[in-house]
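> My questions are about this predicted structure, shown below with the sequence.
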Amino acid sequence: MVRATVLSLVLIVSGCAMHPRFTDYPQECNPDFWGEQYPHDLLNYAKAVGRSFEKALPFLCVEEPEVIRLPSYIELLDLPPAKEMPVVAVYQFADKTGQRKPKDNIADFSTAVSQGGVELVIDALKTAGQGKWFRVVERNGLDHLVRERQIIRSARQDFAKKNGEEKFKELNSLLFAGMIIEGGVIGYDTNIKSGGRGARYLGIGATKQYRQDVVTVSMRAVSVLTGEVLLNVQTRKTVLSYGKSGDIFRFIEQGTELVEYEDGVGNNESVTYATRTAIEAAVLELIHQGHRRGYWEIEGYNENEETN
């Protein structure tokens, strides 16, 4: 009776946590994929990899790839278009925190914040108003662009020479930007808020802990003609991490044997998602700030609605 009780408690605690699992049967990961034909398809797979049905290679059940559409992304997407699309360039959007990922007892040179700031900024600029807000010119990979244009020019020149033509069609000039978007991730503060709670009774215990970090982003728009900083905004996004665990220990057989079991799970919000959300919020605020200061106009924008 005591053993059955302990076993039941172990199953209850283990059921609270979710773990990646291996399986010999792919249909267990995605039942809808195989449908009614899964035994036949699984047998064909086993034959294809040269294994028996019983010894088919194990599958790791993981989530399928997905397109990221955060709330800030939807808000940018639904923004009314600009009456006249400004041409902007993004040279760099660096991680200026200098922080590394925390690791115990080993050296790790991975950064705590994503180094793809330029890509995130360009994505946010092209998302605004369903791509009808900014005309973004390539500057981060300008060397590749210039090199490819040289190849095209050389090919056209050779083609004209073979056909006895003195002139060949030149490429159009590159589009220049009237405004440069600058900035970076200026802060990544850890343990802004932390805490937890737990309880234990008769050898059965459960705990829950959480921690809150903050990512801060600064973005500015600079005039190419004058070098003046026209707009400047700062945004921040919290990064939430939490973990919960449970454990059981119980003496059985009149105190001569000890049964002990522990289980837990942790969930860390993606820092990249948080950085992206902060950048998208900065672009949104940059657009509204520029409209209020007269640098551009939002089509169908009602200033009274925002005030209310």
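Structure's in. What do you need?

> And stretch 284-291, how far out from the chain middle?
24 Å (Cα atoms, centre = their mean, to the nearest Å).

> An error on my part: the question was meant for stretch 221-234.
28 Å.

> Find the residue closest to the residue positioned nearest the centre of the chain in space, skipping its chain neighbours.
Nearest residue to the geometric centre of the chain (Cα atoms, centre = their mean): Y273, 3.7 Å. Of all residues not flanking Y273 in the chain, L70 sits nearest, at 6.6 Å (Cβ to Cβ, 6 or more residues apart in numbering). The C-beta positions use only the backbone N, C-alpha and C, and glycine is treated the same way.

> Run through the residues that contact that neighbour.
273, 276-277, 280 (Cβ atoms under 8 Å, 6 or more residues apart in numbering).

> Same check on V239?
V239 touches 212-215, 268-271, 274, counting by Cβ under 8 Å, 6+ apart.

> Can you tell me which of those is nearest E285?
Of all the contacts of V239, V215 has the smallest distance to E285: 15.6 Å, by Cβ to Cβ.

> Which helix or strand contains the closest one?
Assigned by DSSP states H and E, V215 belongs to strand 204-223.

> Could you list the buried residues of that strand?
204-206, 209, 211-222 (16 or more other Cβ atoms under 10 Å).

> ranges for the helices of the stretch 101-250 of the chain?
117-127, 142-162 (DSSP state H, counting those that start in this stretch).

> what's in contact with stretch 161-176?
Stretch 161-176 is contacted from outside by 87, 135, 137, 145, 149, 152-153, 156-157, 159-160, 224, using Cβ under 8 Å, 6+ apart.

> Pull out the buried members of those residues.
R135.

> Where does pLDDT dip in the protein?
The chain contains residues with pLDDT under 70 at 1-68, 102-110, 253-255, 301-308.

> care to break this protein down by domain?
70-139+177-307, 141-168 (automatic domain parsing).

> Just say which of the ones you listed is most tucked in.
Across the domains of the chain, averaging neighbours per residue (mean count of other Cβ atoms under 10 Å) puts domain 70-139+177-307 on top, at a mean of 16.

> what's V229 in contact with, if anything?
Neighbour list for V229: 220-223 [criterion: Cβ under 8 Å, 6+ apart].

> Which strand residues bridge it?
On the basis of DSSP bridges, V229 is bridged to V222.

> And the strands in the stretch 51-200 of the chain, which stretches?
59-60, 87-89, 94-95, 135-137, 179-201 (DSSP state E, counting those that start in this stretch).

> closest to S241 out of these?
strand 179-201 (9.1 Å).

> Which strands border the closest one, and is each parallel or antiparallel?
In the sheet, strand 179-201 lines up against strand 87-89 (parallel), strand 94-95 (parallel), strand 204-223 (antiparallel) (DSSP bridges).

> Just send those back as a markdown table, with distance to G196 too.
A markdown table is the format used below for those (distance: least, Cβ to Cβ, whole Å):
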| stretch | distance to G196 |
| --- | --- |
| strand 87-89 | 45 |
| strand 94-95 | 30 |
| strand 204-223 | 3 |
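
> ok, so of the contacts of V239, who is nearest R197?
Set against R197, the nearest of the contacts of V239 by Cβ to Cβ is Q212 (15.5 Å).

> Ok, which of the strands paired with strand 179-201 comes nearest G198?
Of all these, strand 204-223 sits nearest to G198, with 3.5 Å by Cβ to Cβ.

> how far off helix 117-127 does that closest one point, in degrees?
Calculated by axes from the mean of the first three to the mean of the last three Cα atoms, to 10 degrees, strand 204-223 forms an angle of 70 degrees with helix 117-127.

> okay, the contacts of V229 in JSON lines with distance to Q289 next?
Shown next, in JSON lines, are these (distance: Cβ to Cβ, whole Å):
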{"residue": "R220", "distance to Q289": "11"}
{"residue": "A221", "distance to Q289": "9"}
{"residue": "V222", "distance to Q289": "14"}
{"residue": "S223", "distance to Q289": "15"}
